[in-house]
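**Q** Just the structure for this:
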Amino acid sequence: MAASLTLPLLFGLIAVALFFDFLNGLHDAANSIATIVSTRVLSPQYAVLWAAFFNFIAFLFFGLHVAETLGTGIIDPHIVDPRVIFSALMGAIVWNILTWIYGIPSSSSHALVGGLVGAGVSKVGFSAIVMSGLLKTSAAIVLSPLVGFLLALVLVLAVSWIFVRQTPFGVDRTFRVLQFASASLYSLGHGGNDAQKTMGIIAVLLFSQGQLGETFYVPFWVVLSCQAAMAVGTLFGGWRIIHTMGSKITRLNPMQGFCAETGGAITLFLATWLGIPVSTTHTITGAIVGVGAARRTSAVRWGVAGNIVIAWVITLPAAAGVSALCYLLAGLFT
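**A** Reported below is the predicted structural model:
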């Protein structure tokens with residue numbers, strides 16, 4: 001068991017974790033609302049309110065499988081101590097702030113996973129890694145955008161066939177209404193998967209401090225705190241990333257926005273049910289590319305999509321590197 005923290009320090013570290021969750025909501029607000037804003041179904045101000053509400057209530061619909069994966073399935077929970085948690089969070093926060101400043105839709109999820117790996121390896125070496133959990137999470141880097149891409153592509157083709165006899169105006173009016181439902185579902189999936197990652201971090205910190213007894217679990221106050229922090233972050237929005245996601249990859253109409261959000265939401269629901277911490281950024285990007293490619297391959301700005309993919313690839317090792325550096329620096333003061 002790690003050395004015990006004083007209560008003020010423990011609360012301070014929990015506050016850092018909740019700050020990461022706030023940044024996650026800020027950074028990933030674009031994932032929930034980029035399509036509904038770019039299709040002009042909702043203004044940005046109302047869209048963030050809509051997304052924040054469904055982000056918050058997501059805990060009513062999902063179990064805590066993802067929180068358990070982050071808490072015990074990435075690095076060995078028995079080597080976790082406050083220094084490891086602090087370093088992991090700082091690695092993820094620094095990377096999130098950098099990508100937010102430059103408008104790069106990278107993954108908050110994989111930044112946090114990278115942070116955990118970097119801090120754990122710095123403490124005890126590669127034996128800290130729970131390889132099954134890390135491989136499952138790493139595989140999702142490829143699979144979540146691919147599944148989102150395929151589902152959105154199929155949905156566009158199916159909807160186009162179903163509404164083939166409708167006028168463009170009628171189709172547009174129908175999907176302006178349906179996009180409220182698809183945006184709600186995607187925001188639920190986002191809140192259900194992403195907020196659980198911080199829940200897992202706080203819960204494993206409490207476990208390392210002997211606050212949970214002998215059995216790892218996620219207290220309900222942690223659940224509510226994390227959902228609220230993410231919802232507040234979403235309220236502040238990530239406007240630079242919304243522009244990239246909503247218009248730079250491909251131009252969307254309401255029907256395409258509905259298909260992208262629905263394909264992405266189905267992917268997130270499946271991942272959350274399976275306890276896989278996927279990237280909502282990867283998922284919705286894959287879905288947006290899917291609806292663009294369904295129209296014609298030239299409709300997708302592949303250069304922008306390629307830059308996003310590069311950011312995906314470097315996120316985990318970059319966050320791990322920052323986390324490892326933070327762990328070493330923290331050792332100078334402890």
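**Q** ranges for the helices of the stretch 1-150 of the chain?
**A** For the stretch 1-150 of the chain, applying DSSP state H, counting those that start in this stretch gives helices covering 7-38, 44-56, 65-72, 82-101, 108-124, 131-162.
**Q** What angle do helix 108-124 and the third one make with each other?
**A** This points to helix 65-72. Here helix 65-72 runs at 20 degrees with respect to helix 108-124, directions being taken by axes from the mean of the first three to the mean of the last three Cα atoms, to 10 degrees.
**Q** for the stretch 201-334 of the chain, what spans make up the helices?
**A** Along the stretch 201-334 of the chain, the stretches classed as helices by DSSP H, counting those that start in this stretch are 220-236, 239-243, 254-274, 280-295, 302-331.
**Q** So which of those is the most surrounded?
**A** Using mean count of other Cβ atoms under 10 Å, the stretch among those with the greatest mean number of neighbours is helix 280-295 (a mean of 28). Every C-beta, even on glycine, is put in place using the N, C-alpha and C of the backbone.
**Q** Which strands or helices does that one pack on?
**A** Contacts defined by 3 or more Cβ pairs under 8 Å, 6 or more residues apart in numbering; DSSP states H and E place helix 280-295 against helix 7-38, helix 131-162, helix 168-208, helix 254-274, helix 302-331.
**Q** any chance of these in CSV, with distance to residue 94 and mean pLDDT too?
**A** Formatted as CSV, the helices and strands packed on helix 280-295 follow (distance: least, Cβ to Cβ, whole Å; pLDDT from 0 to 100):
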stretch, distance to residue 94, mean pLDDT
helix 7-38, 10, 81
helix 131-162, 20, 89
helix 168-208, 16, 89
helix 254-274, 26, 91
helix 302-331, 5, 80
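**Q** Identify whichever of those lies nearest to residue 65.
**A** helix 254-274 (6.9 Å; Cβ to Cβ).
**Q** Now do the closest one and helix 168-208, the angle between them.
**A** 20 degrees.
**Q** now for helix 254-274, which elements pack on it?
**A** helix 7-38, helix 65-72, helix 131-162, helix 168-208, helix 280-295.
**Q** quick one, which of the helices of the stretch 201-334 of the chain is nearest to residue 170?
**A** helix 254-274 (10.9 Å).
**Q** Distance from the closest one to the middle of the chain?
**A** Chain-centre distance of helix 254-274: 13 Å, with Cα atoms, centre = their mean, to the nearest Å.
**Q** Tell me the secondary structure of the residue of the chain most remote from its centre, please.
**A** Distance from the centre of the chain peaks at residue 165, with 38.2 Å (Cα atoms, centre = their mean). Three-state call for residue 165 (DSSP: H, G, I helix; E, B strand; the rest coil): coil.
**Q** if we can go back for a sec, export the helices of the stretch 201-334 of the chain to CSV and append columns for distance to residue 174.
**A** Formatted as CSV, the helices of the stretch 201-334 of the chain follow (distance: least, Cβ to Cβ, whole Å):
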stretch, distance to residue 174
helix 220-236, 27
helix 239-243, 24
helix 254-274, 8
helix 280-295, 16
helix 302-331, 28
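**Q** Which one of those lies nearest to residue 182?
**A** helix 254-274 (3.7 Å).
**Q** Surely residue 90 touches residue 324?
**A** No: at 10.6 Å, residue 90 and residue 324 do not qualify as touching, with contact defined as Cβ atoms under 8 Å.
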